[in-house]
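>>> What follows is a predicted protein model with its sequence.
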Amino acid sequence: MKFEFRDWQKRFYFPDAVYFVTFYTKSRYPFFRERIFADLFVENLQFCKKLKGCLLFGWVLCYEHAHLLLQPNNIWNISDVIHSLKRHISRNMNILIDSISESADSYPHFQGEDLCCFFPKFKWQKSFYDHYIRNDRDFDCHMEYIADNPFKHGLLSDWPYVYTNSKYDDLTNDYI
């Protein structure tokens with residue numbers, strides 16, 4: 001039997017649903033170890049939230065993946081929101097990587113080992129994992145998972161790229 005859409009994943013869309021979403025960089029390359037790339041991710045997340053009009057309850061960015069807890073509006077579904085976010089981040093990351101490569105001498109040494117002035121082209125893994133939040137308990141469990149994720153992956157104790165950072169209070173919404 002031949003499958004025309006072999007990598008295609010069936011998604012279920014529910015009105016006013018809240019989703020827990022996970023997506024990874026291609027080959028799990030740790031791009032977001034560098035603060036400049038992580039800051040760019042956050043800026044694009046802010047832009048996508050405003051552009052697509054979704055509610056963002058929690059999020060965390062680790063070196064090679066991100067988790068979001070969000071609710072799309074009635075115009076855009078979860079696939080549209082994540083596609084837009086991943087597309088804009090990819091484009092902007094690659095513009096930044098190209099500019100770093102072209103003027104390598106003018107940039108300070110980057111944090112990562114053997115990463116000085118060389119980064120592969122930025123890509124996301126195909127698709128993303130999503131989970132429909134079924135009730136308040138499920139919501140609370142996923143919020144706790146997001147908050148604990150930096151510790152689970154051994155990131156710095158003051159890892160700033162998580163919704164619990166007061167710097168990003170305007171990025172998240174309160175759950176009603």
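Nice, I can see it.

>>> May I have the secondary structure class of the residue most central in space within the chain?
Among the residues of the chain, the one closest to the centroid is Ala66, at 3.9 Å (CA atoms, centre = their mean). On the three-state scheme (DSSP: H, G, I helix; E, B strand; the rest coil), Ala66 is labelled strand.

>>> So what pairs up with it in the strands?
Phe23, Leu61 (DSSP bridges).

>>> Hmm, it is touching Gly58, no?
No. Taking contacts as CB atoms under 8 Å, Ala66 lies outside contact range of Gly58: 11.2 Å. Any C-beta I mention is one placed from the backbone N, CA and C, and that applies to glycine too.

>>> which stretches of the chain have low pLDDT?
1-9, 102-117, 176 (pLDDT under 70).

>>> Could I get the full set of strands for it?
Listed in chain order, the strands of the chain (DSSP state E) span residues 19-24, 55-61, 65-71, 129-132.

>>> Nearest to Lys152 among the ones you listed would be which one?
Nearest to Lys152, of all those, is strand 55-61, at 9.9 Å by CB to CB.

>>> Just name whatever secondary elements the closest one is in contact with.
helix 35-52, strand 65-71, helix 136-152 (3 or more CB pairs under 8 Å, 6 or more residues apart in numbering; DSSP states H and E).

>>> All set now, cheers.
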